[in-house]
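Novice: Take a look and give me a structure for this.
(one chain, ligands or ions: 4)
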Amino acid sequence: IDMEPELRQALDNDEFILHLQPVYTGSSKRLSSFEALIRWQHPSRGLLPPSEFLPFIEDLGWSIELDDWVLAKTAHILSTWRRQGLNTLPIAVNICARHFQNPDLISKLKQLFSRYQLSYQDIELEITENVAMTDIQAGLNVLAQLRELGIRVSIDDFGTGYSSLAYLRRLPVDKIKIDRSFISELLRDAHNSENVIVRSLIELSHGLRKRVVAEGVETQEQLNLLNGMRCDQVQGYLLSPPVNIQLAAELLSHHW
Ligand code: G
Ligand code: G
Ligand code: MN
Ligand code: NA
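Specialist: Numbers count the residues shown, from 1 in each chain. Ligands and ions are numbered 1, 2, ... in the order given. Prediction:
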């Protein structure tokens, strides 16, 4: 099937929407930020998850255009909330691999923050570990520029890629997000291999002065184990699924 006309229309007619998943501090369960997750409000098929359209976007070579849409939408949400008098928290945006190697990224971000009068801490970027890996020098360069501006970066899905732990030391990033495949296998048994991996990742990251987020936390037992391991932040269905903008605003207004 040729998705191009439908996807073109979706981009032009603003058929995409963002849901926001809350991220909480591990022990106190205080809201600390959100992650923006895209959905397609399809005119006839209803609300579609990214798995139904992101692969087509990538094949069409439109990933950067979609990232730009997500970034602009996120900036717009934050500035609208500010105008309504809400105290906001940072929103993290997923950035595709190709975009991260694009030399225009930094200047586009500067323009965006200035146009919406946001500070560089308001929007965080999530990249997968392989992004920075493909072209290490280019990746490190972009990361260094982002750090200089004060834009925070997380490594998403950590543990699923090819990077070595030694490589993590060289990455100027602020946060590590441990992939949910590790979290779902956590057991009460401390010697279970996933427990050992997660505990080691947290210790190593802290040693490198990076914060750690556990993704896909679904049970109270996982949360207790992660707190015991001093995991900084948690995200997952136990705490909250991704929610619409309206509900996210309500969560924010109760937070402060
Ligand atoms: O929201 P959901 O769990 O269905 O997302 C599935 C996948 O789609 C995740 O890996 C997530 O990183 C990716 N994804 C969700 N929203 C975005 C987005 O706005 N941009 C990009 N590049 N990927 C996204
Ligand atoms: O790859 P990335 O981390 O960007 O993907 C986030 C995806 O994980 C989103 O599509 C979101 O809907 C999904 N997600 C969030 N919390 C949970 C959870 O607790 N369990 C599972 N299975 N998926 C989750
Ligand atoms: Mn993510
Ligand atoms: Na992830």
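Novice: quick one: the helix or strand where residue 93 lies near ligand 1?
Specialist: Using DSSP states H and E, the element containing residue 93 is strand 91-94. Yes: applying C-beta under 6 Å from any ligand atom, one finds that strand 91-94 is in contact with ligand 1 at residue 94. Where you see a C-beta, it was placed from the backbone N, CA and C, and this is true even at glycine.
Novice: got the buried residues for the helix or strand immediately after that strand in the chain?
Specialist: Sequence-wise, the next helix or strand downstream of strand 91-94 (DSSP H and E) is helix 97-100. By 16 or more other C-beta atoms under 10 Å, the buried positions in helix 97-100 come out as 97, 99, 100.
Novice: between the residues you listed, which is nearest ligand 4?
Specialist: residue 97 (14.2 Å; C-beta to the ion).
Novice: about what we covered before: is the strand holding residue 93 in proximity to ligand 2?
Specialist: Yes: counting by C-beta under 6 Å from any ligand atom, ligand 2 has neighbours in strand 91-94: residue 94.
Novice: Can you list the strands that that strand pairs with?
Specialist: Using DSSP bridges, the strands paired with strand 91-94 are strand 31-42 (parallel), strand 123-128 (parallel).
Novice: Pick the most buried one from those.
Specialist: strand 123-128 (a mean of 22; mean count of other C-beta atoms under 10 Å).
Novice: what about that one, distance to the chain center?
Specialist: When C-alpha coordinates are averaged (C-alpha atoms, centre = their mean, to the nearest Å), strand 123-128 and its chain have centres 5 Å apart.
Novice: thinking again about what came up before, quick one: closest of the strands paired with strand 91-94 to residue 214.
Specialist: Minimum separation from residue 214 across the strands paired with strand 91-94 (C-beta to C-beta) falls at strand 31-42, 12.9 Å.
Novice: Pull the closest one out as PDB, backbone CA atoms only.
Specialist: C-alpha atoms of strand 31-42 as PDB (Å, rounded to 0.1, in the frame of the first residue of the first chain):
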ATOM      1  CA  LEU A  31       6.200  14.300  38.900                       C
ATOM      2  CA  SER A  32       9.500  15.400  37.300                       C
ATOM      3  CA  SER A  33       9.000  15.600  33.600                       C
ATOM      4  CA  PHE A  34       7.100  14.200  30.600                       C
ATOM      5  CA  GLU A  35       8.000  12.300  27.400                       C
ATOM      6  CA  ALA A  36       6.200  13.300  24.200                       C
ATOM      7  CA  LEU A  37       4.800  10.300  22.300                       C
ATOM      8  CA  ILE A  38       3.200  10.800  18.900                       C
ATOM      9  CA  ARG A  39      -0.100   9.300  17.700                       C
ATOM     10  CA  TRP A  40      -2.000   9.700  14.400                       C
ATOM     11  CA  GLN A  41      -5.600  10.800  14.800                       C
ATOM     12  CA  HIS A  42      -6.600   9.100  11.500                       C
END
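Novice: And the contacts of it?
Specialist: With C-beta atoms under 8 Å, 6 or more residues apart in numbering as the test, strand 31-42 has contacts from 10, 15-25, 47-50, 52-54, 66, 70, 73-74, 89-94, 124, 126, 233, 235, 242, 248, 251-252, 255.
Novice: Thanks a lot, catch you later.
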